[in-house]
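Undergrad: Could you look at this predicted model? Sequence included:
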Number of protein chains: 2
Amino acid sequence: MVKPATLRKSEVTRRNILAEASASLRRLGLERLSVASLMGSLNLTHGGFYAHFKSKDDLAAEAVTYAFDEISATMVKATEGRSPREALIAAIDQYASLESRNCVEKSCPSTSLANDAPRFPSLARERFAEGLERFPARIERLLREIGHEDPRRAARSAVSELLGAMIVARATLDTDSASDILLVSRDAVKKRLGLL
Amino acid sequence: MVKPATLRKSEVTRRNILAEASASLRRLGLERLSVASLMGSLNLTHGGFYAHFKSKDDLAAEAVTYAFDEISATMVKATEGRSPREALIAAIDQYASLESRNCVEKSCPSTSLANDAPRFPSLARERFAEGLERFPARIERLLREIGHEDPRRAARSAVSELLGAMIVARATLDTDSASDILLVSRDAVKKRLGLL
DNA sequence: CATAAAATATGATGAGCATCATATTATTGA
DNA sequence: TCAATAATATGATGCTCATCATATTTTATG
């Protein structure tokens, strides 16, 4: 029997697991993400999981990359067709938005998983370290395009601040304070990049 | 029988548990910190734990505050007797040092636990939110002393960047890159605060 | 030294977990 | 419709964990 063109059934399931895992991972962290509840949220049972992934560690590695791919796509959508300058502003506003604070599962994995990453299984850890570089690389590129004198350092500094602000905002109980923390950092970053 | 002056025995043990928990918490996160292994590392057995703490949640709340107290003391030691300007520089260098990156259990809990804080049991979460404000408050005070025009925002921006840089540095596999990330942010912060 | 009380240890319970062997159901090609 | 195969479900195993009731050891006082 030759491979039928409709080997796709399980491919779809696999993809669904991955998408759900990528969201749950950000919401719950790797420890609290259980195979059984993950499958359950797709109306599947735990056993079938191992037909799609070798192990939970394997899933973790794939889900990390999947999450970074998702946020990259979001970022592209938010910036495409704009001038470098406008793209920078949009990127900053999108990365450190209040909506991102309140919706962890759609936001950048860096902001929700960075603390756990050093304890990730090794492949997931590597994938995370790769993904972590995507945003600063993008900012650096845009800064270079507008002729910034030190794009590398400026991008690093900007990304560290935006990421830090998001993490602090999420750990802050009062919503108004959290919102202010994000606003202050978006403004501070834009200002020193000459975008205001 | 009147309370003997030497009721202290269990007080000492309690304190040891707390100190060990405060370090392990930062190293492992709350999930991976197990009561049995915590007690084991003090050469005690798991059962005795409940003579000192009502529950693991109770310990978590106390350990969070204990950790913030420890880092506050470190910060005081690093800055005491200095001019506000010199104190600011010392505070920045200590907070975002490479040593802190490599020794999580002695560094600021904000940098190791912020991601988990939203999932902490409620009292621990409140305690964390309190502790989180200590460092920005200190920086703001120092900035006010040197006559900064907007100490509140400047302190917020600085702390977000330093915290973000530490988290990124820890998630970065290459040690040289990690070291550079910290250096870039320490410099960027000092520069815009007029400390260089 | 003897005894009361404090401090700590033992062992059990029940829950949640990743994983896997095996069974069942769904789908496809003849 | 029927058989082959893919997809998913069931149930079990062995682990780690928080918690607690109870037992033992240590300490300090008379």
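TA: Sure thing, it's come through.

Undergrad: burial of the closest residue to DNA strand D within chain A, as a residue count?
TA: Going by CB to the nearest atom of the strand, DNA strand D is nearest to A:Gly47 of chain A, at 2.0 Å. For every residue, glycine as well, the C-beta is placed using N, CA and C. As a burial measure, A:Gly47 scores 10 neighbours (other CB atoms under 10 Å in any protein chain shown).

Undergrad: Need the three-state assignment for it.
TA: helix (DSSP: H, G, I helix; E, B strand; the rest coil).

Undergrad: tally of neighbours for A:Gly131?
TA: 23.

Undergrad: And A:Arg125, by the same measure?
TA: Look at A:Arg125: counted by other CB under 10 Å, it has 19 neighbours.

Undergrad: Can you give me the distance of it to A:Ala117?
TA: Per CB to CB, to the nearest Å, A:Arg125 is found 6 Å from A:Ala117.

Undergrad: can you check A:Leu18 too?
TA: 19 Å.

Undergrad: Between these two, tell me which one has more neighbours.
TA: Remark: of A:Leu18 and A:Ala117, A:Ala117 carries more neighbours, 26 against 18, as counted by other CB under 10 Å.

Undergrad: The more buried one is in contact with B:Ala171, isn't it?
TA: Yes: using CB atoms under 8 Å, A:Ala117 is in contact with B:Ala171, at 4.3 Å.

Undergrad: Mutual contacts of those two, please.
TA: Taking CB atoms under 8 Å, 6 or more residues apart in numbering or on different chains as the contact rule, A:Ala117 and B:Ala171 both touch A:128-129, A:132.

Undergrad: Output those as CSV; include the columns secondary structure, neighbour count and distance to chain B.
TA: CSV is the format used below for those (DSSP: H, G, I helix; E, B strand; the rest coil; neighbours: other CB atoms under 10 Å in any protein chain shown; distance: CB to the nearest CB, whole Å):
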residue, secondary structure, neighbour count, distance to chain B
A:Phe128, helix, 26, 6
A:Ala129, helix, 19, 5
A:Leu132, helix, 24, 6
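
Undergrad: Need those in a markdown table (columns: pLDDT).
TA: Listed next are these as a markdown table, based on pLDDT from 0 to 100:
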| residue | pLDDT |
| --- | --- |
| A:Phe128 | 98 |
| A:Ala129 | 98 |
| A:Leu132 | 98 |
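
Undergrad: Within reach of DNA strand C, which of those are there?
TA: Applying CB under 7 Å from any atom of the strand to the shared contacts of A:Ala117 and B:Ala171, one finds that nothing falls near DNA strand C.

Undergrad: End to end on stretch A:39-57, go ahead and measure it.
TA: With CA to CA, to the nearest Å as the measure, stretch A:39-57 spans 16 Å from end to end.

Undergrad: what's in contact with that stretch?
TA: If you take CB under 8 Å, 6+ apart as the criterion, stretch A:39-57 is touched by A:10, A:13-14, A:16-17, A:20, A:24, A:35-36, A:38, A:59, A:62, A:121, A:123-124.

Undergrad: so what pLDDT did A:Cys108 get?
TA: In this model, A:Cys108 is scored at 98, pLDDT.

Undergrad: Spell out which parts of chain A neighbour DNA strand D.
TA: A:1, A:7-10, A:13, A:39, A:43-48, A:51-52.

Undergrad: for these, which one is nearest B:Gln94?
TA: Comparing those against B:Gln94 with CB to CB places A:Met39 closest, at 46.3 Å.

Undergrad: With adjacent residues omitted, what lies nearest to A:Ile167?
TA: Excluding its sequence neighbours, the residue lying closest to A:Ile167 (CB to CB, 6 or more residues apart in numbering or on different chains) is B:Ala114, at 4.6 Å.

Undergrad: May I have the phi/psi pair for that neighbour?
TA: When read as degrees, to the nearest 10, the backbone of B:Ala114 gives phi -60, psi -40.

Undergrad: Quick one: residues in contact with the host helix or strand of A:Asp180.
TA: Counting by DSSP states H and E, the element that carries A:Asp180 is helix A:175-192. Residues from elsewhere that reach helix A:175-192 (CB under 8 Å, 6+ apart): A:88-89, A:92-93, A:96-98, A:101, A:154, A:157-158, A:161-162, A:164-166, A:168-170, A:172, A:196, B:153, B:156-157, B:160, B:192.

Undergrad: if you set the cut-off to 7 Å instead, what comes out?
TA: Identification of contacts with helix A:175-192 by CB atoms under 7 Å, 6 or more residues apart in numbering or on different chains yields A:89, A:92-93, A:96, A:98, A:101, A:158, A:161-162, A:165-166, A:168-169, A:172, A:196, B:153, B:156-157, B:160, B:192.

Undergrad: related to what we said a few turns ago, mark which of the contacts of stretch A:39-57 are part of helices, please.
TA: The helices, defined by DSSP state H, take in A:10, A:13-14, A:16-17, A:20, A:24, A:35-36, A:38, A:59, A:62, A:123-124 from those.

Undergrad: which of those residues count as buried?
TA: Buried by 16 or more other CB atoms under 10 Å in any protein chain shown: A:13-14, A:17, A:20, A:24, A:35, A:38, A:59, A:62, A:124, out of those.
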